[in-house]
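**Q** Any chance you can model this:
(chains A and B)
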2 protein chains.
Amino acid sequence: MPLLVRAVLFDVFGTVVDWRSSMFAEINDVKFTKNIAVDVEKFIDSWRAAYRQGMADMRAGKSEKMSNRMVYRTALQHLLNEHLNEYFTDDELDHLSRIDHRYHPWPDSIPGLTRLKKKLITGTLSNGTSVALINMAKNAGLPWDVIFSTDMLGIHKPAPKAYLTAVKLLGLDPEHVILAAAHNQDLKAARAVGLKTAFICRPTEFGPYQEKDTTAEGPWDFITNSVEELADQLGT
Amino acid sequence: MPLLVRAVLFDVFGTVVDWRSSMFAEINDVKFTKNIAVDVEKFIDSWRAAYRQGMADMRAGKSEKMSNRMVYRTALQHLLNEHLNEYFTDDELDHLSRIDHRYHPWPDSIPGLTRLKKKLITGTLSNGTSVALINMAKNAGLPWDVIFSTDMLGIHKPAPKAYLTAVKLLGLDPEHVILAAAHNQDLKAARAVGLKTAFICRPTEFGPYQEKDTTAEGPWDFITNSVEELADQLGT
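**A** Predicted structure coming up:
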């Protein structure tokens, strides 16, 4: 099968970048620089929850339309108003709300992608925005051949059309494209529309007490612990 | 002004790659390998004309829907049936109809893009398809941060929305984005919606007797003879 594969599309958040440790490091830094009392782990969870709520409210028409980044920034600001009022300038809030441009890859991501890229098309298929994915790739040096984002395709995973639109833009058939992800639900949806699947186990994505996605839960074509292992299995 | 620029989007065919010389070299090669009598220059013109006609017919509903590549291949096949029947296998036709995956960059393109990429987001904004742009970038080593194609955005230049959609996906305002192109009409359309403009003069894009686009015909922000010169002017 490896010889028939022509492209690998990656989920990004959790699969390629370690968003939680990246957030922890940066927010922890801010905590000490600003000398403020905050539980960084709880802060991360609250921020993510507020962002998700903000997005849901916007989609349901309960709040005005704004960019994803503004939802992220608004959530941050509410959180800071509650906990840490008056510690931050506008520029600092702007900078902090672009924290997703600065997420670090897992240690195996760049070596693995660099190997895969020699023989295959490597791209993203993420529910993140173009802005985040482009800037993240640039800051971290992720060597994508192509970036497919939710706002570029106009649709979210796990909708079947999200996978099929990307495959069509590659000019390939689904069986020649692998979706690589750390999340079983993502792989299940990709497999249902004919893509090959690669599970990349990231058991600490959500911190040390992660309960979800700690093992492969489907008949995935490749089951690995890193992007480098996927490169091994694909002979690249 | 250079300091405010955050991204440069490039027209590709003619601006970044020398499609005509690339076609000439490959078709000339085929001519000698197959030992067939054909005027290569005329063949290139006929193929392009047949492709354009094929696309126009399809858009007007006069022929069945197919991918751009199939239009390209069908045009090639008609042309070969007329001139060179029975010289080619199906695989050879397939290969030849993907000639646009193998276009060569102008000598200054990769050095210039590599320099620009250090400080700015570099991307394509092309009426070509994703398939052609991704494979061309991979074969030639064009170091794009992002590829915007006509089938990704669902719209063609010079429609204002083509430029503005790309700018929006970058999360920027138009005045922070340069459109770089060898074609005055493209720059005119980009300028009309607020982008900065860079003319890259390619006076032999259409061969030695080119009459169009041999000089800058508008108040473009940057007027250059190469991507490297643009890098110079932008201080990268």
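**Q** For the rest of this, base every contact and every neighbour count on C-alpha atoms.
**A** OK.
**Q** pLDDT score for residue A:102?
**A** Among the per-residue scores, residue A:102 holds a pLDDT of 96.
**Q** With residue A:51 instead?
**A** Looking at residue A:51, its pLDDT stands at 89.
**Q** Now do it: how many residues are near it, please.
**A** Counted with other CA atoms under 10 Å in any protein chain shown, residues neighbouring residue A:51 total 21.
**Q** What separation do you get for it and chain B?
**A** Residue A:51 sits 18 Å away from chain B, going by CA to the nearest CA, to the nearest Å.
**Q** what does the helix or strand containing that residue rub up against?
**A** Assessed by DSSP states H and E, residue A:51 sits inside helix A:40-59. Contacts of helix A:40-59 from elsewhere in the structure, counted by CA atoms under 8 Å, 6 or more residues apart in numbering or on different chains, are A:20, A:23-24, A:27-28, A:63-66, A:68, A:71-72, A:75-76, A:79.
**Q** ok, stretch A:68-83 near chain B or not?
**A** No. Applying CA under 8 Å from any CA of the partner chain, one finds stretch A:68-83 separated from chain B by no less than 9.1 Å.
**Q** what's the spacing between that stretch and its chain's center?
**A** Relative to its chain's centre, stretch A:68-83 lies at 20 Å (CA atoms, centre = their mean, to the nearest Å).
**Q** which residues of chain A fall in strands?
**A** In chain order, chain A shows strands spanning A:7-10, A:121-125, A:146-148, A:177-181, A:196-200, A:222-224, with DSSP state E as the criterion.
**Q** wait, which of the ones you listed is closest to chain B?
**A** Closest to chain B of these is strand A:146-148 (CA to the nearest CA; 6.3 Å).
**Q** Report how many residues lie close to the nearest residue to residue A:176 once chain neighbours are set aside.
**A** Once flanking residues are discounted, residue A:176 sits nearest to residue A:5: 4.4 Å by CA to CA, 6 or more residues apart in numbering or on different chains. Around residue A:5 sit 19 other residues, with neighbours defined as other CA under 10 Å.
**Q** residues touching residue A:5, list them.
**A** A:120, A:175-178.
**Q** what do you get for residue A:171?
**A** Each residue near residue A:171 by CA under 8 Å, 6+ apart is listed here: residue B:131.
**Q** per-residue pLDDT, it?
**A** pLDDT for residue A:171: 94.
**Q** interface residues of chain A facing chain B?
**A** For chain A, the residues in contact with chain B (CA under 8 Å from any CA) are A:121, A:129-131, A:134, A:137-138, A:144-147, A:151-153, A:169-171.
**Q** among those, which are in helices?
**A** With helices defined by DSSP state H, the entries of these inside them are A:130-131, A:134, A:137-138, A:151-153, A:169.
**Q** Which two among the residues you listed are spaced furthest apart?
**A** Of all pairs drawn from those, the widest gap by CA to CA lies between A:138 and A:169 and measures 22.6 Å.
**Q** Compare the two (neighbour count), which wins?
**A** Summary of the neighbour comparison: residue A:138 and residue A:169, criterion other CA under 10 Å, with residue A:138 having more neighbours (21 against 18).
**Q** Tell me how far the residue nearest to residue A:176 lies from residue A:198.
**A** 12 Å (CA to CA, to the nearest Å).
**Q** how much space between residue A:103 and residue A:46?
**A** 18 Å.
**Q** of these two, who's got more company?
**A** Just comparing residue A:103 and residue A:46: by other CA under 10 Å the higher neighbour count belongs to residue A:103, 25 against 15.
**Q** For the more buried one, give me its contacts.
**A** A:17-19, A:22-23, A:136, A:140.
**Q** which regions of chain A lie under the pLDDT threshold?
**A** Judged against pLDDT under 70, the low-scoring parts of chain A cover residues A:1-3, A:82-86.
**Q** what's the domain layout of it?
**A** When chain A is parsed into structural domains using automatic domain parsing, the resulting residue ranges are A:2-18+A:103-233, A:20-102.
**Q** From the contacts of helix A:40-59, keep the buried residues only.
**A** A:20, A:23, A:27-28, A:68, A:71-72, A:75-76, A:79 (16 or more other CA atoms under 10 Å in any protein chain shown).
**Q** Closest to residue B:229 out of those?
**A** Taking CA to CA as the measure, residue B:229 lies nearest residue A:68 of the buried ones among the contacts of helix A:40-59, at 36.4 Å.
**Q** What residues does the closest one make contact with?
**A** By CA under 8 Å, 6+ apart, the residues touching residue A:68 are A:55, A:129.
**Q** quick one on the thing from earlier: JSON lines for the contacts of residue A:103, including distance to residue B:55?
**A** Output for those, formatted as JSON lines (distance: CA to CA, whole Å):
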{"residue": "A:17", "distance to residue B:55": "41"}
{"residue": "A:18", "distance to residue B:55": "45"}
{"residue": "A:19", "distance to residue B:55": "45"}
{"residue": "A:22", "distance to residue B:55": "48"}
{"residue": "A:23", "distance to residue B:55": "49"}
{"residue": "A:136", "distance to residue B:55": "37"}
{"residue": "A:140", "distance to residue B:55": "40"}
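**Q** between the residues you listed, which has the most around it?
**A** Neighbour counts for the contacts of residue A:103 peak at residue A:17, which has 25 neighbours (criterion: other CA under 10 Å).
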